[in-house]
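>>> compute the structure for the input listed below.
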Amino acid sequence: MIVCTQSLCKRALDYAVAVARGRSIQDLGYLMILYDTEHNYSSSWEKSGPLIEETKADLHYLENIWRSGSSTGSTPLEAFLREYVRTQSGDCIDIPEDVLDIDRV
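Below you'll find the predicted structure:
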């Protein structure tokens, strides 16, 4: 399913970041269904912190929302990762239904 990067969150955002970082999508969808700590970017400063440093991300907190570039989020990681995916993969990305279903449960 095609999803706007600005609406990505949780496992769908983790999936999109892994793809943007060059991870093969062959088995990635299946890995995301499992409890996957290798790709938990949206909840791990340990995983995302180096990306923030590498890209020299500009994060701001304005009017109760985090901003990074032209992306926003309820947390600094969410805003940064949405912007990271947007700059690497574009404004929309194809996310497998199975991965999207994880966040719906």
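>>> longest helix anywhere in this structure?
When the chain is parsed with DSSP state H, its longest helix is helix 76-89.
>>> buried ones in the helix or strand just after it?
With elements assigned by DSSP states H and E, the helix or strand that comes after helix 76-89 is strand 92-94. Across strand 92-94, burial judged by 16 or more other CB atoms under 10 Å covers I93. No exception for glycine: its C-beta is placed from N, CA and C like everyone else's.
>>> same question for stretch 89-104.
For stretch 89-104, the neighbour count (16+ other CB under 10 Å) marks 93, 95-96, 99-100, 102 as buried.
>>> what does stretch 5-18 give?
5-6, 8-18.
>>> out of those, which is nearest to E54?
Ranked by distance to E54 (CB to CB), those are led by V17 at 12.7 Å.
>>> which non-adjacent residue is nearest that closest one?
Leaving aside its chain neighbours, V17 sits nearest to Y41 (4.4 Å; criterion: CB to CB, 6 or more residues apart in numbering).
>>> picking up where we left off before, among the buried residues of stretch 5-18, which two are most distant?
For the buried residues of stretch 5-18, and using CB to CB, no pair is farther apart than Q6 and A18, which are 18.4 Å apart.
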